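# here are the coordinates; sequence isn't available:
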Ligand code: GLY
Ligand code: MN
Ligand code: MN
């Protein structure tokens, strides 16, 4: 079964676009992911390599995509480009035990490649695609086993000089080109991400309506996962963070095994993966459904900074501008709450809020939750790149006050993060996170029901 919601013609177009960036007389190799053992003979839920998926739409492990750009001098005898997929062969016995396989014959048709071979043919045929090429493009170092396979092919070619074989003399990392493409989302990708956000936001709403004193954090997580799967998103895009009380101050808390207590805040960072694309949403709310004064003050400050940062987003803007605005709002607010002391202008220029806002403001979002794409734009990598229509990012300010911090005890152990997913449009931005309650009034209303 093809699991993608992106039309196969879009995958064909992506391959063509990547081929257009490749030098003449080159070959690119993009391997699928391997299954990962959980214990003995059980595996984790398979997650396809995102670069491979982006270019192929193919959902099985162990496969290999080969993109060939031939020497234009040979255009009379060879096609200008070739797209080739190696994949697991049909195998009735294996399929009875482990599930269906597409097989090379069907893969060629369904995934619209020029040619598909079985993996049994890889060792013999792959060197022939590399032979005579000037440049080999692949992600050296990403998969040790695949590196070994490639180097074995190169040895075969180098050892076959007498038979007229030759190995490429240049190896180029293919990732930069693929990742630049992935950074700008197509309309079809945006539609999937919008839907992933709707589902994920509804899951946060469901968690708010469900959470109560005495439940384990993982029971709230179960509600979230149910809402994802019940609406077509089989799995979470990353390990859900469901942290009550002081656990909200642990940035990547995923134990989710403690009991919720009235009077505490609950921080949930959870997003669905839909057709390979991630949502990444955080909401923070009181277990008992009512923010106390200190919680409300901290929450509204984070919310104010998030809204101010989001409002800076438009083509030509950048993360530095959004950061500056968020830092100013947070620092001023923390000063007014007595959590920062000193001279306000100095505190702002020192970005004093970083004492409690201990992570970045946001990141690219797409097939990966921390998506690919360079954050810099000039050759020296020292200038933040400008936003362009089609980029998607998170904006996720947070404040975390250690339980032992030398502050009034009403602040101790509080953690608040609010995270939305923002698309850059031609004229500004679209907030994809539309269904997760965010104001105190909206959260309290959902929890009161
Ligand atoms: N869920 C991880 C993050 O927000 O970056
Ligand atoms: Mn997150
Ligand atoms: Mn995030």
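Arrived safely. Since we're looking at a predicted model, the values are computed, not measured. Ligands and ions are numbered 1, 2, ... in the order given.

# helix/strand/coil for residue 316?
Here residue 316 is recorded as coil under DSSP: H, G, I helix; E, B strand; the rest coil.

# Contact partners for it?
386, 387 (C-beta atoms under 8 Å, 6 or more residues apart in numbering). Where you see a C-beta, it was placed from the backbone N, CA and C, and this is true even at glycine.

# any idea how far it is from ligand 3?
23 Å (C-beta to the ion, to the nearest Å).

# Neighbours of the closest residue in space to residue 351 that isn't next to it in sequence, how many?
Once flanking residues are discounted, residue 351 sits nearest to residue 327: 5.0 Å by C-beta to C-beta, 6 or more residues apart in numbering. For residue 327, the neighbour count with other C-beta atoms under 10 Å is 23.

# Assumed residue 327 was part of a helix.
Yes - counting by three-state DSSP, residue 327 is part of a helix.

# Is residue 423 in contact with residue 433, as I believe?
No - Residue 423 is beyond contact range of residue 433, at 10.3 Å (criterion: C-beta atoms under 8 Å).

# Looking at these two, which one has more neighbours?
When neighbours are counted by other C-beta under 10 Å, residue 433 comes out ahead of the other of residue 423 and residue 433, with 26 against 21.

# So what touches the helix or strand harbouring residue 347?
Element membership for residue 347 (DSSP states H and E) is helix 344-349. Here helix 344-349 makes contact (C-beta under 8 Å, 6+ apart) with 327, 328, 331, 332, 335, 340.

# Tell me if I'm right that the last one and residue 333 touch.
Spelled out, that is residue 340. No - between residue 340 and residue 333 there is no contact under C-beta under 8 Å: 9.1 Å.

# Helix or strand next in line after the longest helix anywhere in the chain, which one?
In the chain, taking DSSP state H as the definition, the longest helix is helix 187-210. Later in the chain than helix 187-210, the nearest helix or strand by DSSP H and E is helix 217-230.

# does that next one come close to ligand 2?
No - Helix 217-230 stays clear of ligand 2 (C-beta under 5 Å from the ion), getting no nearer than 12.8 Å.

# quick one, what contacts residue 356?
So residue 356 contacts 330, 334, 339, 399, 400, 401 (C-beta under 8 Å, 6+ apart).

# OK, contacts around the third one?
Spelled out, it's residue 339. When contacts are counted by C-beta under 8 Å, 6+ apart, residue 339 touches 356, 401, 407, 411.

# Pick the one among the residues you listed closest to residue 172.
residue 356 (43.4 Å; C-beta to C-beta).

# what's the nearest residue to that closest one if we skip its chain neighbours?
residue 399 (4.5 Å).

# For the one you found, give the beta-bridge partners.
residue 416 (DSSP bridges).

# For it, which residues are in contact?
Going by C-beta under 8 Å, 6+ apart, the list of residues near residue 399 reads 298, 301, 302, 330, 334, 353, 356, 357, 414, 415, 416.

# Now go through the residues you listed and say which are in strands.
Residues of those located in strands (DSSP state E): 415, 416.

# near ligand 2, from the contacts of residue 399?
Applying C-beta under 5 Å from the ion to the contacts of residue 399, none is adjacent to ligand 2.

# Name the residues of this structure found near ligand 3, please.
280, 394.

# Low-confidence regions, the chain specifically.
Applying pLDDT under 70 to the chain picks out residues 1-3, 378-383.

# that older thread, quick check, nearest of the contacts of residue 356 to residue 131?
Of all the contacts of residue 356, residue 400 has the smallest distance to residue 131: 56.1 Å, by C-beta to C-beta.

# and that closest one, how many neighbours?
So residue 400, with other C-beta under 10 Å, has 22 neighbours.

# contacting residues around it?
Here residue 400 is in contact with 248, 249, 251, 356, 357, 358, 414, 415, 416 (C-beta under 8 Å, 6+ apart).

# can you confirm residue 107 is in a helix?
Yes - assigned with three-state DSSP, residue 107 falls within a helix.

# Not counting its neighbours along the chain, what's nearest it?
residue 116 (4.3 Å).

# Test of understanding: give the bridge partners of that neighbour.
Under the criterion used (DSSP bridges), residue 116 bridges to residue 85.

# Give me the neighbour count for it.
Residue 116: 23 neighbours (other C-beta under 10 Å).
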